[in-house]
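*Asks:* Show me how the following folds:
(one chain, ligands or ions: 1)
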Amino acid sequence: MDVFKLFIHDTTWPFILEIMVRSCVMYILILLFLRISGKRGIRQLSIFELAIILCLGSAAGDPMFTEDLPIVQAFLVIFTILLLYRFTTWSMMKNQKIEELLEGKPLYIVEEGKLVIDDVAKEKFSHDEFFAEMRQYNIEHLGQVRAALLETDGSLSVLFYTAETAKWGLPIFPKAYVKVEQFHPYTFYACMFCGCTQIYEQIQGQRCPRCNHTSWAQAIRDAYWSL
Ligand SMILES: [Zn+2]
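*Replies:* This next block holds a predicted model:
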């Protein structure tokens with residue numbers, strides 16, 4: 001392998017200078033684009049915004065170092081993307097169907113302290129991913145949660161029970177989310193699949209009455225309340 005060709009090849013000093021100028025121009029163009037698009041930040045991107053950013057990345061990157069690519073062509077690409085972006089956001093505002101098609105719908109994943117099993121079964125989300133997200137809200141178990149909604153940008157919205165109204169719930173921290181081997185009388189257990197809680201005496205044949213799974217973790221009720 002020719003190391004010189006790999007790193008330098010036919011890069012001349014004037015072209016180095018040109019790359020720097022090109023990069024500055026594209027940088028300013030992208031800043032302007034993001035400013036005009038009205039987007040505030042990129043912490044959470046919906047699918048369609050991600051598509052825009054990917055198109056933009058290529059349109060901005062290539063002209064920085066491609067000698068025979070005039071900047072005006074890149075500008076046209078960026079301008080077209082901007083028009084598309086504006087048109088898409090406008091049609092999403094006008095038409096609910098288009099919005100759902102492009103951004104998806106918010107999804108209930110917890111209702112009244114239990115996971116919404118239809119969606120778990122369809123694998124629209126995974127336990128791990130979602131528990132990790134919930135732990136960041138200082139949630140120790142599902143009995144604390146009245147409702148949790150997965151927003152279209154991937155963020156989570158949570159409504160809590162008060163300390164008084166919290167139910168028995170499925171623990172979501174790893175050390176407590178373990179399958180029990182031995183059951184004890186008068187003790188609450190939570191189905192590890194759907195979060196349904198039952199006292200030992202109600203559990204027949206170790207099957208969950210709600211989802212039919214047979215893995216149970218010891219349920220928790222008390223929790224540290226930071227709210
Ligand atoms: Zn269950």
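*Asks:* Now do the host helix or strand of Ile16: which elements does it pack against?
*Replies:* Taking DSSP states H and E as the definition, Ile16 sits inside helix 13-37. Counting contacts by 3 or more C-beta pairs under 8 Å, 6 or more residues apart in numbering; DSSP states H and E, helix 13-37 packs against helix 47-65, helix 71-94. Heads up, the C-betas are built off the backbone N, CA and C, glycines and all.
*Asks:* so what's the spatially most central residue of the chain scoring on pLDDT?
*Replies:* For the chain, the residue lying nearest the average C-alpha position, counting by C-alpha atoms, centre = their mean, turns out to be Gly154 (3.0 Å). With respect to pLDDT, Gly154 scores 76.
*Asks:* And it, its phi and psi?
*Replies:* Backbone dihedrals for Gly154, given as degrees, to the nearest 10, come out at phi 90, psi 0.
*Asks:* With Ser157 instead?
*Replies:* phi -110, psi 130.
*Asks:* can you list the weak-confidence ranges in this protein?
*Replies:* Low-confidence segments of the chain, defined by pLDDT under 70, are located at 39-44, 119-125, 223-227.
*Asks:* Tell me how it divides into domains.
*Replies:* Per automatic domain parsing, the structural domains of the chain span 3-101, 107-218.
*Asks:* Quick one: check the longest one for contact with the ion.
*Replies:* Yes. Judged by C-beta under 5 Å from the ion, domain 107-218 comes into contact with the ion at 191, 193-194, 196, 208, 210-211.
*Asks:* mind listing which of those are in strands?
*Replies:* Cross-referencing the residues of domain 107-218 next to the ion with the strands (criterion: DSSP state E) gives Cys191 as the overlap.
*Asks:* Would you mind giving the residues of domain 107-218 next to the ion as JSON lines with neighbour count added?
*Replies:* Listed next are the residues of domain 107-218 next to the ion as JSON lines, based on neighbours: other C-beta atoms under 10 Å:
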{"residue": "Cys191", "neighbour count": "26"}
{"residue": "Phe193", "neighbour count": "20"}
{"residue": "Cys194", "neighbour count": "21"}
{"residue": "Cys196", "neighbour count": "23"}
{"residue": "Cys208", "neighbour count": "22"}
{"residue": "Arg210", "neighbour count": "16"}
{"residue": "Cys211", "neighbour count": "18"}
